[in-house]
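Student: below are the sequence and a predicted model; questions follow.
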Amino acid sequence: MAITARSGQEALTRPDGSAIRILTVDDETSLTELLSMALRYEGWEVSTAASGLAAVKAAREIRPDAIVLDMMLPDFDGLEVMRRVRAEQPDVPVIFLTARDALDDRIGGLTAGGDDYVTKPFSLEELVARLRGLLRRSGAATARNESQLVVGDLILDEDSHEVSRGGEIINLTATEFELLRYLMRNPRRVLSKAQILDRVWNYDFGGQANVVELYISYLRKKIDAGRSPMIHTMRGAGYVLKPAIE
């Protein structure tokens, strides 16, 4: 399965299969914590900032797919944040957070180029729904089939048994497929040879480590050959699969 949206809707990822990146900007810590929790339930990566300067710096570092931006900040307002960010990232979508009675803020935000606004207090479900729609319309996100496992640019379809990396089809044997499926179901987690033997070959560890080593080498030749590596050996611990560092 792909990254699963806790909302029960189709999971959204970036077109390359990596997690959506959202920057939330508000000086109310309790609000950003609550909002971050809701967005992480969607499987998205969330960064926060409590001031305009911090928001501009964070946007430069993480290159967000969308920004949730409060109009009123301690140093300068949300419109100035958007202006500075879009000087470097002209297409990044922005949803403004405004006070319920601040009609001028809402009008100003939209006429200045904001994509949407939500008035405080707001429903987390409504904000997430608006973000999902905005990400789809902007082309920053795509829905993944629930039968797919996605890690970086590597995609495995559990129904069709098709595997691809960077759009290139990779042919695997049945055992190679099961090994890769287990690794992809546990991205960034170090898996011991004993765990792999138990889950993929269904028998207890007993001097058969060479079987795991052999099939890991087979996978590397097909998954990592000529590309940035995704399968890594952790000496004395096991193996881990994680998105490649380009």
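Tutor: Good, I have the coordinates.

Student: report the helix or strand with the lowest average pLDDT across the chain.
Tutor: Among the helical and strand segments of the chain, the one scoring lowest on mean pLDDT, DSSP states H and E is helix 103-111, with a mean of 56.

Student: what's E126 sitting at in phi/psi?
Tutor: When read as degrees, to the nearest 10, the backbone of E126 gives phi -70, psi -40.

Student: my guess is it meets T119, correct?
Tutor: No. Using C-beta atoms under 8 Å, E126 makes no contact with T119, being 10.0 Å away. From N, CA and C alone the C-beta is placed, and that goes for glycine too.

Student: low-scoring stretches of this structure, by residue?
Tutor: Applying pLDDT under 70 to the chain flags the ranges 1-10, 16-17, 100-113, 142-146, 203-209, 245-246.

Student: and the helices in it?
Tutor: 29-41, 52-62, 78-86, 103-111, 124-138, 174-185, 193-196, 209-223 (DSSP state H).

Student: just so I know, which of the ones you listed lies nearest L69?
Tutor: Across the helices of the chain, L69 has its closest neighbour in helix 78-86 (4.6 Å, C-beta to C-beta).

Student: which other residues reach the closest one?
Tutor: 25, 52, 55-56, 59-60, 67, 69-73, 92, 94, 96-97, 108-109, 112-114 (C-beta atoms under 8 Å, 6 or more residues apart in numbering).

Student: pop the domain breakdown of the chain in here.
Tutor: Using the TED database, the domains assigned to the chain come out as 21-138, 148-241.

Student: most packed of those?
Tutor: Highest mean neighbour count of the domains of the chain: domain 21-138, a mean of 18 (counted as mean count of other C-beta atoms under 10 Å).

Student: tell me how far the ends of it are from each other?
Tutor: 14 Å (C-alpha to C-alpha, to the nearest Å).

Student: now swap in stretch 70-83 and tell me
Tutor: One end of stretch 70-83 sits 14 Å from the other (C-alpha to C-alpha).

Student: ok, P243 to R227 distance?
Tutor: P243 is 12 Å from R227, where distance means C-beta to C-beta, to the nearest Å.

Student: redo the domains of the chain as JSON lines? Include distance to T13.
Tutor: Listed next are those as JSON lines, based on distance: least, C-beta to C-beta, whole Å:
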{"stretch": "domain 21-138", "distance to T13": "8"}
{"stretch": "domain 148-241", "distance to T13": "6"}
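
Student: so which of those domains gets nearest R14?
Tutor: Closest to R14 of the domains of the chain is domain 21-138 (C-beta to C-beta; 6.6 Å).

Student: contacts only, for the closest residue to A66 other than its chain neighbours.
Tutor: Distances taken as C-beta to C-beta, 6 or more residues apart in numbering put P93 closest to A66, at 4.6 Å, once the chain neighbours are dropped. The contact partners of P93, by C-beta under 8 Å, 6+ apart, come to 65-67, 115-116, 134-135, 138, 140.
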